[in-house]
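[1] Below: sequence and its predicted model.
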Amino acid sequence: MTTVLERVRSGREAAGERWRGAPRWVRWVLLAAVIAFFYALPNKEFYQYLGPIPTPGANFTQVMFTVSIYVLLAVGLNIVVGFAGLLDLGYFGFFAVGAYTVAVLTSPSSNIKTLWPWLLVVPLAIALTMLSGVMLGTPTLRLRGDYLAIVTLGFAEMIRIAAVSSDFLKGQRGFNQIPHPPGKYADGKPFFGVLDARPYYWLVLTLIIMVVIGVRNLTHSRVGRAWISIREDEDAAQLMGVPTFKFKLWAFASGAAIAGLAGALFAGKQNFVNSQNFELLNSIIILAAVIFGGSGNIVGAIVGGGLVAYMIERFRGIELFGVELYEYRFLIFGLVLVIMMIFRPEGLIPNRRRAAEFKDRRKEVIVGE
Amino acid sequence: MDFDGLFSNFGELTTTGLTQGAIYALVALGYTLVYGVLRLINFAHSEVFIAGAFAAIWTWNGFGLDQNSQVSGIGSVLFYLLVAMIVAAIASAGTATVIERVAYRPLRKRNAPPLAFLITAIGASIAISEAFGIYTRRLPEGAPSLVSSKPLFHVFGVPIDAVQLLTIGAALLMMVLLDLFINRSRTGRGIRAVAQDANTAALMGVNKDRIILMVFIAGGSMAGVAGLLYDVRIQTLTYSVGFLLGLKAFTAAVLGGIGNLRGALIGGLLLGVVENYASGLFGSQWKDFAAFAVLVVLLMFRPTGLLGESLGRARA
Amino acid sequence: MRQKLARVIGGVAMVALVAGGTACSSGSDTASGGDACGSKIAFFGALTGSSAALGINENNGVKLAVDKYNKENADCKVELVSLDSQGSPDQAPGLAQKAIDDTKILGVVGPAYSGESEAAGPLFNEAGLVSITASATRPSLADQKWKTFFRAVGNDFSQGPAAGNYMKNVLKADKVYVIDDQSAYGAGLADEVKKVLGPAVVGSDKVQGEGKQTEFSGVVTKVKAANVKAIFYGGYYQEAGLIRKQLTAAGVTAPLVAGDGVNDGAYITSAGQAAAEGTILTCPCQPAAEARGTFVQEYKALNGSEPGTYSDTAYDAANIMLAGIKAGKSTREGLLEFVKGYSGEGVAASYKFTENGELDPAQVKVWAFKVTGGKVVPDQEIPKS
C-alpha cells in the first residue's frame, strides 16, 4: 500500500519536474491548448465526442457555468486560506453580498427600484464586498486560527439569516428580472440571452484568466511574500517588520472582492436571486475544494474548485444497483475528504513549499505515538 | 422591536431558554474537552449528538413506542428514559470513538497540520449526517411523549414543567459527574496533564492515545445524553438538525471560553436565554442571528471567552 | 520525446480551436417538427430531498396519465421524463435547459414550487416550451408575461382569503395568531390571511423553514400568552408538525389552520396523531376522493398509495397536454396554442386559462380539510366570500 503510494507520489513529482524543466515555449503551447480546450468545452459539437465527461442529468453548458463560478471562488479563497493562511469558513457570505448588491440595484422587484444596468453595478458590487471584507476583517483578524474560523462561519450564517428575514432583501421571494450583461449580436439578438449559457461561461472563464494573472503577479510581489511569511510564522513575520495585520486585511479584502465578482456574475446569469442560493454548506464545499486541490497553489485551487463542483453535478442521473447516485453525492464527498486528508493532506496539486513542509512534519518525532 | 412581548413573557422565555441552553451546554462539553486536549475543533461532534438522539428514538421504537404512544406510570417512564439514555450514551461514545480512530488518529501519526484535522472533521461530519439522512429517507422520526409538559408548579407566575426540570437537572448532574471525573480520577489527571503539555505527559508515562480516546468517550457520552434530552423535549428528530445545533454548541463553548468546562455550562445557558430574548424582542426569525452576533461581539472584546480558555491550567 | 509531446499537444490545440470555431456559428435547434408519436412530456419538481412529498404526489399523477394514454394508444406512445429539482432554484436552470434540449419534450408539468418556477420560467418562455404547474401558487408568477406559463390551481390570492374566511366564519375566531416560515409561499399566504382578518390578528411571528428550526419555544410562549382562538401557519408540513406538537405540549388547544403546503400525511407523522387532531388544512384543490370517475382506484393500482395533495391536478395537467398530442400537435408551438385555447373537464376541476395563464377564477374551488382520527378528511368547500 505504502509502496504504491510512494510510487504514485514520486511519479507525480517527476511529472512536476518535467513540467518545470520543459522549455518555455512548450509550456506556453501546453497552456494555450488547455485554455483552448476549456473555451471549446461548452459547445455541443465538441463535448458530445468526449464520452463520459458531459453530465447526463442536466444541461452540460449550464453545469459548466456553475463549475466556472466555483473555480473563480476557489481562486479567491485560495488567497485567504492558501496564501495568507487565514481560515475562512464563511467565504460564501461575500458571494452573497455581491449577488445581492446586483439584485437590489438592478431588479424591478427591489424596494429602491434604481433599475441600474448590470455593467454599472458590477464594480459597485465588488467595491461593496471588499468593504464588507474590511469591515468583518478589522475586528476579527486579531483572532487566530480556530476563532477566526468560527467567527467567519457565524458571519456567513448571519448574512444568510438577514437575507431570509429582512424585508429589504426579500427573503425567499427574492429578486427577479435581474438584467443580463449587455451586448448584442449583429442581428439584434442579445449576446447574453436566456437559453444559451455559453456566453456567460466564456465571460467567467475570461475573468478567471484575468484574475489568475492578477493574483499570480500579486503573489510574486512584496504582498505575496508578506502573506507567505504570515502563513509560515506570524510572530516571526511581525518581528521581521511585516505589518501582519495590514496584509492579512488585504488578503481578506481581495479574496472578498473576487467572491463579490463571482456573485455579480451569478446574479446576471441567473436572473433571479433569493435566499435559497446561499446555504452554509456552500462555504464549506468551497473551502474543502481549495484544500482538496492544493491550497497555496493557484492551479491546485482551480483544479479543486472545478473538480468538486463538477463531480457533485456529475452524480446526477447515474443509477447504480437501482439507486440514484445523486442522493449519495455528499456522503461520497465527505468520505473523499476524510480519505484525502489521511493520504494526501497537501492536496492534489500542492504548493511546492507547502508540500516540503508536510514532508518535514511527517518526519518530525512525536513523543508517545 | 417588541419590548412588550419581551417583558410580558420574560419569565417563560427565560425558563425555556435555560432548558434549551442546558442541551447546548452538554454538547458544548464535547467540543471543549476535545479542544482542550487536542486544540482541535471537532466539527463532527454534531453528528455524535445526532447518533445518540437517533439511538434513543430507535430504542423506543424497539419497545414498540412511536410518536403516537402514550406511556403512563412513573416506573415505566423512568425505565424507558434510563434504557434510552444508556443506549444513546453508548451510541454517541461509539461514534466519537470511530471518528477518532478512523479520521483523527492517522492524521496525528503523520503529524498533520491543524487545517487537515479541520477538513477531516468537516468531511466526517458531512458523511455521517448524510448517512443518517439517506437511512431515514430525510424524513423526521417521531418520539413518544414520555414526560408531560403540563405545568407542575409556578414560580412568580412562571410555569415550570417536568421536561424543563428533567433537562436542566440531568444536564447539571452530568456536569458535576464530568467535573469530578476530570478533577478527581486518575484518568482525569491524565487528561489534564495531556491538555497542559502532551509531549511531557507522554514522557511521564501517560498513554496519550488512551487519554485522547477517553476524552472522546466522555464528550460523546455527554452528547448522547443531550440527544436523549433533545428527543424528550422536541419529540421529533430530523437528520439535519445536528449541524446548526452543533454550531450553536460550539458557539456556547467559545462564549464561555473554550477548553473550560464550567465555561461551557455558562456559555450554553447564556446562549439559550439570549436566543429566546431575541426571539421575543425581534421575532423568532432573528434568533440564530442574535446567537452569532453575541459571539462575534464577545470575541472582539474578550477573545478568550467569558471564563478564559483552560483545561489544564486552572482547575477546569 | 519532448518534441513529440509538444507536437501532439499542438495538434490537439488546433483541433480544439477549430471545434470551438465551428460550434459558435451553429444556432439552437429547439423547435422540431415531425410526428407526435414518440413525443415526451416532462415532470419538473422535487422527487428527492426534504420537500419531495408534493413532487412525488404530482409525479405519480402524471405517471398515471401517461400510462393510461399509452394503453389507449399503443401504436403511438408518449414518454414521461421526470426531472428532480429537489425544489431548489439553483438547480432549476440546468434542468429546464435539459428539458429544452430534448426536442422530443413538448410540454412540462411543473415546476412544483414557486421559487424554482421563478428561475426556470424565463427559459421555458424563451424556448416556447409550455409548462403547466399544478402547485406553484405564488401570484406574481403570472405577472411576468411569460407566454408559456399556465397554472392549473388557484393562486395564493384565492387560498389565503379563503383560509381567513374559514377562521372568521366557521371557527368564529376573533383572536388569531399568524406564523409563517418566510418562504415565498408561506409568507405570501400569511399576508393574505392577515389582510382578510384585519384587527383579529393579535400577533404574528416568523420562523425558519426548510428544516432549519426545530425548537419553537419562543413562538410557543408568545402564542400561549396571546390566548388566541385559532393559529394560522403559512409554510410546509415539517415545521407545521413541530409547531403543532410543541403548542399542544405547552397546553395550547386552539386549532391550527394551514394551507396546502401542510396538506400531507407527513404532517400527522411530524405532529403526532394526538396533537394533529382537529387541524384545518385549506387547499385550492378538490378532495382527491371527490375527483370524478375511477381516478382514485387507478392511481392506487399503479402507484400503490392513496393519491395525495395535487396528484389529481397534476394528472389533469398532464391530460391537457396529452389531449393536445392526441390531436396531432407535434410541435411546441402547436401544443402551446392548444393549451392556451383549452377548455375542458378534469378530475379535479374544469380547466380554462386566462390571458396570463391563470386558471379561470370561476373554476377555482377552495376546500377545507380536517385532521380526524389520524387522517386528512374533507371538511367543506369554502365559499368565496
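    It's in.

[2] And the next helix or strand past the one helix or strand B:Ala226 maps to?
    Per DSSP states H and E: B:Ala226 is located in helix B:208-234. Next helix or strand after helix B:208-234 toward the C-terminus (DSSP H and E): strand B:236-237.

[3] what separates the spatially closest residue to A:Ser283 that is not a sequence neighbour from chain C, distance-wise?
    Once flanking residues are discounted, A:Ser283 sits nearest to A:Phe92: 3.9 Å by C-beta to C-beta, 6 or more residues apart in numbering or on different chains. (Glycine included, C-beta is placed from N, CA and C.) According to C-beta to the nearest C-beta, to the nearest Å, A:Phe92 stands 12 Å off from chain C.

[4] again with B:Val254
    Distance of B:Val254 to chain C, computed by C-beta to the nearest C-beta: 20 Å.

[5] Please apply the same query to B:Gly11.
    For B:Gly11, the distance to chain C equals 9 Å [C-beta to the nearest C-beta].

[6] Toward the C-terminus, what is the element adjacent to the helix or strand hosting that residue?
    According to DSSP H and E, B:Gly11 maps onto helix B:10-38. Per DSSP H and E, helix B:10-38 leads on to helix B:45-62 as the next helix or strand towards the C-terminus.

[7] Please name every helix or strand in contact with that next one.
    On a contact count with 3 or more C-beta pairs under 8 Å, 6 or more residues apart in numbering or on different chains; DSSP states H and E, helix B:45-62 meets helix B:10-38, helix B:74-99, helix B:114-135, strand B:141-142, helix B:208-234, strand B:236-237, helix B:241-256.

[8] Recalculate using a threshold of 7 Å.
    Packing contacts for helix B:45-62, counted by 3 or more C-beta pairs under 7 Å, 6 or more residues apart in numbering or on different chains; DSSP states H and E, involve helix B:10-38, helix B:74-99, helix B:114-135, helix B:208-234, strand B:236-237, helix B:241-256.

[9] Off-centre distance for the last one?
    Think helix B:241-256. Centroid separation between helix B:241-256 and its chain, computed with C-alpha atoms, centre = their mean, to the nearest Å, is 8 Å.

[10] Is it in proximity to chain A?
    Yes: among the residues of helix B:241-256, B:247, B:250-251, B:254 lie within reach of chain A under C-beta under 7 Å from any C-beta of the partner chain.

[11] which residues are contacting that helix?
    A:147, A:150, A:153-154, B:24-25, B:27-28, B:31-32, B:41, B:45-47, B:49-50, B:129, B:263-264, B:266-268, B:270-271, B:291-292, B:295, B:298, B:305-307, C:212, C:214 (C-beta atoms under 7 Å, 6 or more residues apart in numbering or on different chains).

[12] one step back: what residues sit buried inside the helix holding B:Gly11?
    Within helix B:10-38, the residues that count as buried by 16 or more other C-beta atoms under 10 Å in any protein chain shown are B:11-38.

[13] Is it in proximity to chain A?
    No: Helix B:10-38 does not reach chain A (C-beta under 7 Å from any C-beta); its nearest approach is 7.7 Å.

[14] what's the answer for stretch C:126-138, then?
    Yes: Stretch C:126-138 reaches chain A (C-beta under 7 Å from any C-beta) through C:126-127.

[15] now the end-to-end length of that stretch.
    21 Å (C-alpha to C-alpha, to the nearest Å).

[16] Quick check on A:Pro117: phi, psi?
    With angles defined as degrees, to the nearest 10, A:Pro117 sits at phi -70, psi 160.

[17] related to what we said a few turns ago, please identify which of the helices and strands packed on helix B:45-62 is closest to C:Gly308.
    Among the helices and strands packed on helix B:45-62, strand B:236-237 comes nearest to C:Gly308, with 20.6 Å by C-beta to C-beta.

[18] so what does that closest one touch, helix or strand wise?
    Secondary-structure packing of strand B:236-237 (3+ C-beta pairs under 7 Å, 6+ apart): helix B:45-62, helix C:237-249.

[19] Which of those helices comes out lowest on mean pLDDT?
    The minimum mean pLDDT among the helices and strands packed on strand B:236-237 belongs to helix C:237-249 (a mean of 89).
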